[in-house]
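Novice: Structure for this input, please:
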Amino acid sequence: MEYFINITSENALKSNYKKLARRNHPDNGGDTSRMQTINREYEYWCKILNNKSLPLSEVKRGDIVFVNGVESEVLLVFTKTFKAKSKETDREAFFNKKNGVCLNNNRFKASF
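Specialist: Numbering: from 1, shown residues only. All right, here's what the predicted structure looks like:
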């Protein structure tokens, strides 16, 4: 997480998002890719704060998942699998969307 750190409430999240959007929105001269990252992080924190854990079958490109507790970004999504990249080690692996188990090594499991 790059833009939303130590978020504890929905009000703090919304307040931070509005400030970031004013500064970084493309209509105000901001960078499009930065705003997209801010939007992804905002959606992630909304899910966390609302305790709405989605099934892995709903995973989308750019989502954040946790592989054995390590934050990872979803790079590719297919019908039955998805590919995620660890933010700590930069390693990539494919996971089953049904149960979250890594296809190459069943010791690794992804979750929201």
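Novice: tally of neighbours for the residue nearest to residue 79 when sequence neighbours are not counted?
Specialist: Distances taken as CB to CB, 6 or more residues apart in numbering put residue 97 closest to residue 79, at 8.0 Å, once the chain neighbours are dropped. No exception for glycine: its C-beta is placed from N, CA and C like everyone else's. Neighbour count of residue 97, defined by other CB atoms under 10 Å: 17.
Novice: So in terms of bridging, what pairs with the most centrally placed residue in the chain?
Specialist: Centroid-nearest residue in the chain, with CA atoms, centre = their mean: residue 64, separated by 2.3 Å. Beta-bridge pairing for residue 64 (DSSP bridges): residue 73.
Novice: Residue 71 is in contact with that one, correct?
Specialist: Yes - with contacts counted by CB atoms under 8 Å, residue 64 reaches residue 71, the gap being 6.0 Å.
Novice: For residue 11, list the residues it contacts.
Specialist: Contacts here follow CB atoms under 8 Å, 6 or more residues apart in numbering; on that basis residue 11 touches nothing.
Novice: and the next element down the chain from the strand or helix carrying it?
Specialist: According to DSSP states H and E, residue 11 maps onto helix 10-24. Next helix or strand after helix 10-24 toward the C-terminus (DSSP H and E): helix 32-49.
Novice: who does that following helix touch, helix- and strand-wise?
Specialist: Judged by 3 or more CB pairs under 8 Å, 6 or more residues apart in numbering; DSSP states H and E, helix 32-49 is in contact with helix 10-24.
Novice: for the chain, which spans come out with low pLDDT?
Specialist: Scanning the chain for pLDDT under 70 picks out 1, 51-54.
Novice: neighbours around residue 99, how many?
Specialist: With other CB under 10 Å as criterion, residue 99 counts 10.
Novice: now residue 20
Specialist: 20.
Novice: That one and residue 37, how far apart?
Specialist: From residue 20 across to residue 37, the span is 10 Å (CB to CB, to the nearest Å).
Novice: Spit out the residues that contact these two alike.
Specialist: residue 3.
Novice: What angle do helix 32-49 and the helix holding residue 11 make with each other?
Specialist: 180 degrees (axes from the mean of the first three to the mean of the last three CA atoms, to 10 degrees).
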